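> Using only what follows, build the 3D model:
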Amino acid sequence: MNILKKTCNQNSNVEKWECSYNIYNNKEKEKNSKSIERLQIKKYAKKCNFKSNNFYFILDLKISKEDKIKLLRISKTSENSTYKKINSIKPNKSKLKSKQKELSRILSEIKTNLENEGYDDKQLETQIQSVYEQYQNKPHFIIENDKYSDLKKIIGKIKNTVEHVKTIIKEDAKGTRNNVFSILLDQLRDKVDTSVLVSILKNYLSKQDKLEYSKVFSNHYYHELLELVGDGGNYLKLGESEKITS
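Modelled structure (predicted):
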């Protein structure tokens, strides 16, 4: 009986050992299998030639080898799409920069032309800068002026809003001439017959390059006219002649 019991115990111990060994062996096999799978997946990932390391998280996911490979494929496709968009944006930026230069050139040329026409340069500077800011991201509307009417409208708007300096100067000069004429006429009406004086003043003032109020207040014009009127009566004769022919 004791022998049987001893034999059973020995058999039981052998079975336990064999069982433990099998479990250990299976774990090692599983471990080796996972290690091989991980190496295979890494090899596949390397073959994909990723441009970033964003794919590493896929390797640690607790999913099958097949699913990891599927995710790597999806990730690579997504990366290719992203870089393709980035590469397409770069030429567009370069193209936009080139068009912005052309826009700047056209607006600068317009500013110069309008300055030559007599429009205020400071006001033009403000208006042109405003136009550039408005069209810097859509310069083709200005550049392709044979296709779009924006440039024509802008020039018209600028001409309507910016002061025309030459016109103002011309108007100021005309106003100054009229004022000087009135002052001198009043000063000399007691010295010379008014009907003759008007012609004398018109002739005299038309020969002055620039009329100045300082010369009126200092009586420069007044004394010069008196000298001319008293110089052999030439100006009086001229005035009378113009009076007869008018």
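
> From the contact counts, what lies against the host helix or strand of residue 99?
Using DSSP states H and E, residue 99 sits within helix 65-116. Contacts defined by 3 or more C-beta pairs under 8 Å, 6 or more residues apart in numbering; DSSP states H and E place helix 65-116 against helix 2-48, helix 56-59, helix 121-135, helix 140-143, helix 150-161. Any C-beta I mention is one placed from the backbone N, CA and C, and that applies to glycine too.

> Also compute the angle for that helix relative to helix 121-135, please.
If you take axes from the mean of the first three to the mean of the last three C-alpha atoms, to 10 degrees, helix 65-116 sits at 160 degrees to helix 121-135.

> and helix 65-116, average pLDDT?
Averaged over helix 65-116, pLDDT sits at 84.

> now do stretch 175-191
Mean pLDDT, stretch 175-191: 86.

> For residue 121, give me its contacts.
Counting by C-beta atoms under 8 Å, 6 or more residues apart in numbering, residue 121 makes contact with 111, 115.

> ok, 10 Å please
Going by C-beta atoms under 10 Å, 6 or more residues apart in numbering, residue 121 touches 111-112, 114-115, 162, 165.

> Kindly report the same for residue 188.
Per C-beta under 10 Å, 6+ apart, neighbours of residue 188: 194, 197, 200-201, 221-222, 225-226, 229.

> Quick one: buried ones out of these?
Burial by neighbour count, 16 or more other C-beta atoms under 10 Å: within those this picks out 197, 200-201, 221-222, 225, 229.

> Please narrow the residues you listed to those residing in helices.
Using DSSP state H, the subset of the buried ones among the contacts of residue 188 located in helices is 197, 200-201, 221-222, 225, 229.

> thinking residue 65 is in contact with residue 35, fair?
No: counting by C-beta atoms under 10 Å, residue 65 stays clear of residue 35, with 12.0 Å between them.

> Pick out whichever of those two has more residues nearby.
Just comparing residue 65 and residue 35: by other C-beta atoms under 10 Å the higher neighbour count belongs to residue 65, 15 against 10.
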